[in-house]
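Colleague: Below is the sequence, then the predicted model.
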2 protein chains.
Amino acid sequence: MSSPKAKVLLVGMGGVGSVAAYSLEYGGKAEVTAVLRSDYQTLIDDGFEFESVDHGKVNCFRPTNITKSVEEAMEKYGPFDYAIFSLKNIPDISPIEPLIAKCYTPEVGILLLQNGIGIEKPIFKLFPEAYVMSGVTMVSSTLYGRKVVHVATEHVRVGAYDNGKIPYEKQVAKCKKFIEIYSTDKNDIIYDENVNFSRWRKLVYNACVNSSAALTDCDIGRLEVFGAMDPIVRPAMREILAIAKSDGVDLPEDVIEFMIRSDDGEWYPPSMLVDMRKGNYCEYQVILGNALDIAKENGVPAPVLSCMYHLLHVVQMKTQEKKGKFVLPEVRPLPADNFQIKYLN
Amino acid sequence: MSSPKAKVLLVGMGGVGSVAAYSLEYGGKAEVTAVLRSDYQTLIDDGFEFESVDHGKVNCFRPTNITKSVEEAMEKYGPFDYAIFSLKNIPDISPIEPLIAKCYTPEVGILLLQNGIGIEKPIFKLFPEAYVMSGVTMVSSTLYGRKVVHVATEHVRVGAYDNGKIPYEKQVAKCKKFIEIYSTDKNDIIYDENVNFSRWRKLVYNACVNSSAALTDCDIGRLEVFGAMDPIVRPAMREILAIAKSDGVDLPEDVIEFMIRSDDGEWYPPSMLVDMRKGNYCEYQVILGNALDIAKENGVPAPVLSCMYHLLHVVQMKTQEKKGKFVLPEVRPLPADNFQIKYLN
């Protein structure tokens, strides 16, 4: 008799989430309930197509259950053994805590398959005893319409993020159980004792290459050819190394050159640049903002990251304006007006 | 018997140059030979229209002579008593030294009616005994097609920039003579003993507001509402004050708030932002680059300005690529390729 399938909630079927959903169903040990917003009807009507380095050509994939909201998922298919959050990490626009609140049970293992640093702790404010798993994904996958183009093997490092309340072994066991469910003959899911190291390591690229790419509208190749590496990217990366060190993570110096060379041969547009070009929000808050919070707390100077962060903050506000989140008055307010942005619903 | 009119060469009939040309002809003491590139035919065929705070509505203005190049001007109408350079100051793209070389005589007074700091000295490398006059203009004027929209009174501070070779009094006399020619009952042309002070003062706005506006695609009003003033603009302005001080110019601290409030009531897009939006080159080199050169020489830290400078450098390179100044290879070169950009003609 085979053991019953694990019930997995998966919120966010973009490039990363779609590959995870496929792997989980493909492995046969999980039943995925996916939550989608904008692409819900497309997935219902047509399914997603895959052009995948791991799974080849897949004409039509649909996870077991498809819902429009976490509430609906919980009502119809909950409670869940695991809840994966694989949506873009933009807490300044749409924080995930309210979503977690809607699917939380004392037993659910929450996996954050998202960018950024220091993204786990906020969950403990809400649920001090939550099982939080932190996932750093190296999958290179993008959703275009209904097509998932997946070009680099699904490689994910997952670790238990200690809540300090439940015995750590129990948290690790829940995490390892999930890795067993998630692992297939096609992907590479690794238990990571020190997932914070992996997060900081990934941040060396994301905080520095992504940000300068987004602010200049240039891919990593152009950043190099146009002379951004020495005066911006490398100094910013050294700042990340210093902040990581203050956070107890000792990254080797050569990670800098590794990251700078990681897209060699390609005019590769980092994700934040892609977001910009599409007029989408970018993950500057969890990638730069959270790192700078740690820098401030630990007294580590980070002038390059700080400058880029504040410029990106302005850009994010402008994106909000463009998306109609608020309307500025026709005449620019004077200081005496004590103007505050009023968000529309 | 009236004295003969001064022969004035004016290179660059944009917003600033057009108003200067008009004033010089209006004053009746100068005969202007204008040099234009892109708008040459428009000026020849239709003349420029003015909607001017100083001169009211002018249906059709043409300076006395109109030419396509400094060479043509020199051949047909030279030599000149004065040569005004009122074109955009982008030495990384089109340095003005070659233009000066084409109209230089030991007697010509060269007026730089341009943005930036430290823009005078390079001329002495070419012509150590040149009469160089430095002009800081507060005219708010823009050319749209053939129409000059001129909204703030032509207010220009002009000073002799000592070449250290010719007696200073002689240089001052040439400068004051020009001011006499340039002054009318409509404008406000002031001899400025310390024009470097005025340049640094203007730079407080230009280096800080222009740069952050250009990098975020936001006007000064949005910069304020979106929170750029405290973390970017004010710190950058303090950097300019420190660099100016190291250059012997003691700007009062309150110039910072003056500049921040200088466009109050208007969602005003600074010139560098306008350039960006049009896909044009921007004056980052003379505004930021030259200030940072002085900072470096004098050991003044300027992390915010430096970060914005290097980002703008990348943006300027991208503008060059977009304008077809060079074509990048389809496949991104590897470090071993020792790739160098090849400029097309």
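Modeller: Looks like it arrived, so ask away. A quick note: this is a predicted structure, and the numbers were derived from the prediction, not measured.

Colleague: Return the set of buried residues in stretch A:121-135.
Modeller: Within stretch A:121-135, the residues that qualify as buried are A:Ile123, A:Phe124, A:Phe127, A:Ala130, A:Tyr131, A:Val132, A:Met133, A:Ser134, A:Gly135, counting by 16 or more other CB atoms under 10 Å in any protein chain shown. All C-beta spots, glycine's among them, are computed from the backbone N, C-alpha and C.

Colleague: Output the contacting helices and strands for the helix or strand encompassing A:Met276.
Modeller: Assigning secondary structure by DSSP states H and E places A:Met276 in helix A:271-277. When contacts are defined as 3 or more CB pairs under 8 Å, 6 or more residues apart in numbering or on different chains; DSSP states H and E, helix A:271-277 packs onto helix A:211-216.

Colleague: related to what we said a few turns ago, quick check: what element follows the helix holding A:Met276 along the chain?
Modeller: helix A:284.

Colleague: when you scan that next one, is anything in it near chain B?
Modeller: No - for helix A:284, no contact with chain B is found by CB under 8 Å from any CB of the partner chain; the gap never falls below 12.0 Å.

Colleague: pLDDT on the helix holding A:Met276, on average?
Modeller: Per-residue pLDDT over helix A:271-277 has a mean of 93.

Colleague: Save the buried residues of stretch A:121-135 as JSON lines, and put in distance to B:Asp263 too.
Modeller: Formatted as JSON lines, the buried residues of stretch A:121-135 follow (distance: CB to CB, whole Å):
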{"residue": "A:Ile123", "distance to B:Asp263": "44"}
{"residue": "A:Phe124", "distance to B:Asp263": "46"}
{"residue": "A:Phe127", "distance to B:Asp263": "48"}
{"residue": "A:Ala130", "distance to B:Asp263": "49"}
{"residue": "A:Tyr131", "distance to B:Asp263": "53"}
{"residue": "A:Val132", "distance to B:Asp263": "48"}
{"residue": "A:Met133", "distance to B:Asp263": "50"}
{"residue": "A:Ser134", "distance to B:Asp263": "46"}
{"residue": "A:Gly135", "distance to B:Asp263": "47"}
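
Colleague: sorry, back to before: from the rest of the structure, what touches the helix holding A:Met276?
Modeller: Helix A:271-277 has contacts (CB atoms under 8 Å, 6 or more residues apart in numbering or on different chains) with A:88, A:115, A:142, A:206, A:210-211, A:213-214, A:217-219, A:269, A:281-284, A:287, A:315.

Colleague: so which of the buried residues of stretch A:121-135 would you say is closest to A:Tyr343?
Modeller: In terms of CB to CB, no member of the buried residues of stretch A:121-135 lies closer to A:Tyr343 than A:Ile123, at 24.6 Å.

Colleague: Can you say which helix or strand has the closest one in it?
Modeller: Short version: A:Ile123 belongs to helix A:121-126, going by DSSP H and E.

Colleague: what's the answer for A:Ile240, then?
Modeller: Going by DSSP H and E, A:Ile240 is in helix A:234-246.

Colleague: mind showing which ranges of the stretch 101-250 of chain A have poor pLDDT?
Modeller: For the stretch 101-250 of chain A, no stretch is flagged by pLDDT under 70.

Colleague: now do the same end-to-end measure for stretch A:207-227.
Modeller: Taking CA to CA, to the nearest Å, stretch A:207-227 runs 18 Å from one end to the other.

Colleague: With adjacent residues omitted, what lies nearest to the residue nearest the centre of chain A?
Modeller: Centrality entry for chain A: nearest residue to the mean C-alpha point is A:Gln114, 2.1 Å, by CA atoms, centre = their mean. Spatial nearest neighbour of A:Gln114, excluding adjacent residues (CB to CB, 6 or more residues apart in numbering or on different chains): A:Asn89 at 4.1 Å.

Colleague: The one you found is in contact with A:Tyr281, isn't it?
Modeller: No - judged on CB atoms under 8 Å, A:Asn89 makes no contact with A:Tyr281 at a distance of 10.1 Å.

Colleague: And for A:Gly14, the neighbour number?
Modeller: 17 (other CB atoms under 10 Å in any protein chain shown).

Colleague: Could I get the contacting residues of it?
Modeller: A:Gly14 touches A:Ser86, A:Leu87, A:Lys88, A:Thr142, A:Leu143, counting by CB under 8 Å, 6+ apart.

Colleague: List the contacts of the first one.
Modeller: In this structure, A:Ser86 makes contact with A:Leu10, A:Val11, A:Gly12, A:Met13, A:Gly14, A:Val16, A:Gly17, A:Ala20, A:Leu113, A:Gln114, judged by CB under 8 Å, 6+ apart.

Colleague: cutoff 6 Å now
Modeller: A:Gly12, A:Val16, A:Gly17, A:Ala20, A:Leu113 (CB atoms under 6 Å, 6 or more residues apart in numbering or on different chains).

Colleague: Equivalent analysis for the fourth one, please.
Modeller: The neighbours of A:Thr142, taking CB under 6 Å, 6+ apart as the test, are A:Gly15, A:Val149.

Colleague: A:Leu143 against A:Gly15, yeah?
Modeller: Yes - the pair A:Leu143 / A:Gly15 is scored as a contact, 5.0 Å apart, by CB atoms under 6 Å.

Colleague: so how far is the helix holding A:Met276 off the chain centroid?
Modeller: With CA atoms, centre = their mean, to the nearest Å as the basis, helix A:271-277 stands 14 Å off its chain's centre.

Colleague: Give me the helices and strands touching the helix or strand hosting A:Ile179, please.
Modeller: Secondary structure assignment for A:Ile179, by DSSP H and E: helix A:168-182. For helix A:168-182, the packing partners by 3 or more CB pairs under 6 Å, 6 or more residues apart in numbering or on different chains; DSSP states H and E come out as strand A:131-137, strand A:155-161, strand A:188-191.

Colleague: Ok, which of those strands comes nearest chain B?
Modeller: strand A:155-161 (23.1 Å; CB to the nearest CB).

Colleague: buried ones in the closest one?
Modeller: For strand A:155-161, by 16+ other CB under 10 Å, it's A:Val156, A:Arg157, A:Val158, A:Gly159, A:Ala160, A:Tyr161.

Colleague: Quick one: residues contacting the residue lying closest to the fourth one once chain neighbours are set aside.
Modeller: Of all residues not flanking A:Gly159 in the chain, A:Val195 sits nearest, at 3.0 Å (CB to CB, 6+ apart). With contact taken as CB under 6 Å, 6+ apart, A:Val195 is in contact with A:Ser134, A:Arg157, A:Gly159.

Colleague: so which of those residues comes closest to B:Asp188?
Modeller: Relative to B:Asp188, and with distances defined as CB to CB, the nearest of the contacts of A:Val195 is A:Ser134, at 64.4 Å.

Colleague: how much space between the closest one and B:Val327?
Modeller: In this view, A:Ser134 and B:Val327 are 44 Å apart by CB to CB, to the nearest Å.

Colleague: Residue of the stretch 51-200 of chain A nearest chain B, please.
Modeller: Nearest residue of the stretch 51-200 of chain A to chain B (CB to the nearest CB) works out as A:Asp92 at 11.8 Å.

Colleague: you'd agree that residue is up against A:Val286?
Modeller: No - if you go by CB under 6 Å, A:Asp92 and A:Val286 don't touch, sitting 9.1 Å apart.
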